[in-house]
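In: sharing a model that was predicted from the sequence below.
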Amino acid sequence: MGTLLETIHSPVDLKRLSVAQMVDLAEEIRECLIQTLSRTGGHLGPNLGVVELTIALHTVFDTPTDRILFDVSHQAYVHKILTGRLDRFGTIRQPGGLNGFMLRSESDHDCYGAGHAGTALSAALGMAVARDLAGGKENVIAVAGDAAFTNGISFEALNNIAQQTRRLIVVLNDNEWSIDRNVGAIAGYFHRIVTNEHYNRLHSSAKRIVEKIGGKTAVEVIRRAEEAAKSMLWPSILFEEFGLQYFGPIDGHNLPLLVETFKFLKTSDQGPVLLHVLTQKGRGFQPAIDGQKKFHGLGPYDPETGVTKPAGVPTYSEVFANTLARIANNDARVVAITAAMPNGTGLDLFRPHHPNRYFDVGIAEEHAVIFAAGMATRGYRPFCAIYSTFLQRAFDPIVHDVALQKLPVVFCMDRAGLSGDDGPTHHGLFDISYLRGVPDMVLMAPKDEDELADMMKTALQIDGPSAIRYPRGAVAGVSCKVDPQVLTVGKAEVLSDGSDVAILGLGPMVSMAQELAEKLKRDGVSAAVINPRFIKPLDREMLELYARRVGAFVTFEDHVKMGGFGSAVIEALQEIGSAAPVVPTVLLSMGRSIACDPNTD
């Protein structure tokens, strides 16, 4: 660890450094990030890109009195290091350690918890208006990546900022990437601000003329003048139309420039402002620069080469994407849609096979669902691959635009259940609850990768909405059929029969159900093990059969208890007039489960 970094226990220590020392500190922080995350994994690329920006913010502003918000906040590692958490930084994203995102309960300097994109501007505006009402003087700064501006919530906030407050600083951190390269008109707009062809032609012509008249020294003077005037020559009309004074673009790695700019903006009385900074994701670590997608967020790696250990076993995301590509080979109706997550959902494997039937709509889940609905009205079969936790944002379009019109959109919910080290904002623990009540929705959960392929094939035959939930990470490792089969909708699979208790293991929880059955067998208890396959519709014929034979049901699921699979079984048994008790069991943490009393919360 660098000697300067060891002296930083709070932002107060940072303010004592000279600019030259801050430049050295930036390199020490980069080395700390590279070495630490090589052991723990994490969001390396985004944090390497905001080192100078974060140092400048904490040099000029005074947290926790001043409020600094990071959109998504996966790029807040440097912020954590500078605000007294360096001694615990080696625990980031580990059990009992620092959270991988900002967390209000972790530090007073984390003024707003986050984990999903598009929230920073709205939350910052809320803080600014609350400050104004209370007569406060603190500064509020929202740092948002360019990808966040493809999210509708960001534009809803922009529409209100100038009308609601006179003092708010928005920092647009422009690195052209979210997880994959940014797409759409907004990404193109930001690019045009920086690379306007008319500006470039004028620049080239002027350089030739000036060099002939005054030599290379004169060219350098003119170049600096042009850079200084660039924001005046090519202002960002978009943000000014929203009522924000626009400054930039400026070099997001030039510490002296950043510090002076923030000092100016801190005392500016021109109304809310937006500062456009250009940064390089992965700066200081060539493997991260060369592999932007990989180093957005990854597991442990070699800190010298960036090489990660080969996964060995494929993931559910990969099986999903490869299966979809094969299905699309034989069905021209199949299209794939992602909301800025081609890598996370595996669809970057589908894209090369069917580039004209692959659509990345940016961080816009609501639009993704309605876009899919529109395609479905014209005879296509959209597979909408969105993390379970992110699909929550699109609940209204699922109901009003897909289900009420009985459109055959397939929702492929990656990261259902627990999502490992990313913490509570990324756990997919609510999808059964929020989809089970939607009319005509068919909801499935595969026990392994072979059954996932079967369910995808089955979804193609359903003339209405359907959803498949599957976990993050490695598959079960079973062999897959060459041709997936169409399952009977609403029919469970009895894996082993029994007469004393029926154990229903949902999706990957089948293995836990089998383990319990083996333990009960040793105690002389006969247990049936059932793979439900379908959460909705439930196999009522199976439930009626075992309700007459067994003394109790046990359910296993990776979901919250209320409104989950266990609740569905209880409701179904009550409707068929069975008094058989049900013990719903939910997975609370990785590798640990707890039995819940069905009569309590």
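Out: Perfect, I can see it now.
In: neighbours around the closest residue to residue 62 other than its chain neighbours, how many?
Out: Leaving aside its sequence neighbours, residue 62 sits nearest to residue 11 (CB to CB, 6 or more residues apart in numbering; 7.0 Å). The way it works is simple: take the backbone N, C-alpha and C, and place the C-beta from them, glycine included. As a burial measure, residue 11 scores 23 neighbours (other CB atoms under 10 Å).
In: I'd like to know how far residue 11 sits from residue 353.
Out: Distance of residue 11 to residue 353, computed by CB to CB, to the nearest Å: 50 Å.
In: likewise residue 108?
Out: From residue 108 to residue 353 the distance is 50 Å (CB to CB).
In: neighbour-wise, which of the two wins?
Out: Using other CB under 10 Å, the more surrounded residue of residue 108 and residue 353 is residue 353, with 16 against 11.
In: hmm, the more buried one is touching residue 325, no?
Out: Yes - using CB atoms under 8 Å, residue 353 is in contact with residue 325, at 4.3 Å.
In: center of the chain - which residue?
Out: residue 116 (5.6 Å; CA atoms, centre = their mean).
In: that's a strand at it, yeah?
Out: No - membership of residue 116 in a strand is not supported by DSSP: H, G, I helix; E, B strand; the rest coil, which gives coil.
In: show me what contacts it?
Out: 72, 389, 390, 393, 425 (CB atoms under 8 Å, 6 or more residues apart in numbering).
In: 7 Å instead, please
Out: By CB atoms under 7 Å, 6 or more residues apart in numbering, residue 116 lies in contact with 72, 390, 425.
In: residue 410 now?
Out: Residue 410 is in contact with 381, 382, 383, 384, 459, 466, counting by CB under 7 Å, 6+ apart.
In: what about the last one? Give its phi and psi, please.
Out: Listed backbone geometry of residue 466 is phi -150, psi 160, with angles given as degrees, to the nearest 10.
In: partners of it in the sheet?
Out: Residue 466 has these beta-bridge partners by DSSP bridges: residue 410, residue 442.
In: partners of the helix or strand where residue 382 lies, with directions?
Out: Assigned by DSSP states H and E, residue 382 belongs to strand 381-385. According to DSSP bridges, strand 381-385 has the following sheet partners: strand 334-338 (parallel), strand 410-413 (parallel).
In: hmm, who's touching that strand?
Out: Taking CB under 7 Å, 6+ apart as the rule, strand 381-385 contacts 324, 333-338, 345, 347, 368-369, 372, 375-376, 408-412, 414, 460.
In: alpha carbons only: can I get it in CSV?
Out: These are the backbone C-alpha positions of strand 381-385, laid out as CSV (Å, rounded to 0.1, in the frame of the first residue of the first chain):
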residue,chain,number,x,y,z
ARG,A,381,-41.8,-14.3,-30.3
PRO,A,382,-39.6,-12.0,-28.2
PHE,A,383,-37.4,-13.5,-25.5
CYS,A,384,-36.9,-10.6,-23.1
ALA,A,385,-33.7,-11.4,-21.0
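In: quick one: average confidence on that strand?
Out: Average pLDDT, strand 381-385: 98.
In: stretch 304-324: end-to-end distance?
Out: With CA to CA, to the nearest Å applied, stretch 304-324 spans 37 Å between its terminal residues.
In: what's the answer for stretch 544-560, then?
Out: For stretch 544-560, the first-to-last residue distance is 25 Å (CA to CA).
In: and the contacts of that stretch?
Out: Contacts of stretch 544-560 (CB under 7 Å, 6+ apart): 417-418, 429-430, 432-433, 471, 499-506, 509, 512-513, 528, 564-566, 569, 573, 576, 578, 580-587.
In: before we move on, what about stretch 124-133?
Out: Residues outside stretch 124-133 that contact it (CB under 7 Å, 6+ apart) are 67, 69, 138, 140, 142, 157, 160, 161, 164, 165, 167, 168.
In: give me that answer again for 8 Å
Out: With CB under 8 Å, 6+ apart as the test, stretch 124-133 has contacts from 67, 69, 111-112, 137-138, 140-142, 157, 160-161, 164-168, 170.
In: please apply the same query to stretch 16-36.
Out: For stretch 16-36, the external contacting residues (CB under 8 Å, 6+ apart) are 1-5, 8, 14, 44, 47-48, 51-52, 55, 59, 77-78, 81, 86, 89-90, 92, 255-256, 259, 283-285, 303.
In: compare the contacts of residue 410 and tell me which is most surrounded.
Out: Highest neighbour count within the contacts of residue 410: residue 384, with 31 neighbours (other CB under 10 Å).
In: how close does it get to residue 286?
Out: Separation of residue 384 from residue 286 (CB to CB): 36 Å.
In: report the beta-bridge partners for the nearest residue to residue 469 once chain neighbours are set aside.
Out: Once flanking residues are discounted, residue 469 sits nearest to residue 416: 3.6 Å by CB to CB, 6+ apart. Taking DSSP bridges as the rule, residue 416 bridges to residue 428.
In: would you agree residue 416 is in contact with residue 452?
Out: No - using CB under 8 Å, residue 416 is not in contact with residue 452; the gap is 11.4 Å.
In: what is in contact with the two at once?
Out: Taking CB under 8 Å, 6+ apart as the contact rule, residue 416 and residue 452 both touch residue 470.
In: distance of the residue nearest to residue 62 from residue 378?
Out: Using CB to CB, residue 11 is found at 55 Å from residue 378.
In: what does residue 449 give?
Out: 31 Å.
In: repeat that for residue 582.
Out: Going from residue 582 to residue 378 by CB to CB gives 44 Å.
In: who has more neighbours, those two?
Out: Between residue 582 and residue 378, counting by other CB under 10 Å, residue 582 is the more crowded of the two (20 against 7).
In: that one bridge partners, please.
Out: Legend: beta-bridge partners of residue 582 under DSSP bridges are residue 553.
In: I figured it hits residue 566, correct?
Out: Yes - judged on CB under 8 Å, residue 582 makes contact with residue 566 at a distance of 6.4 Å.
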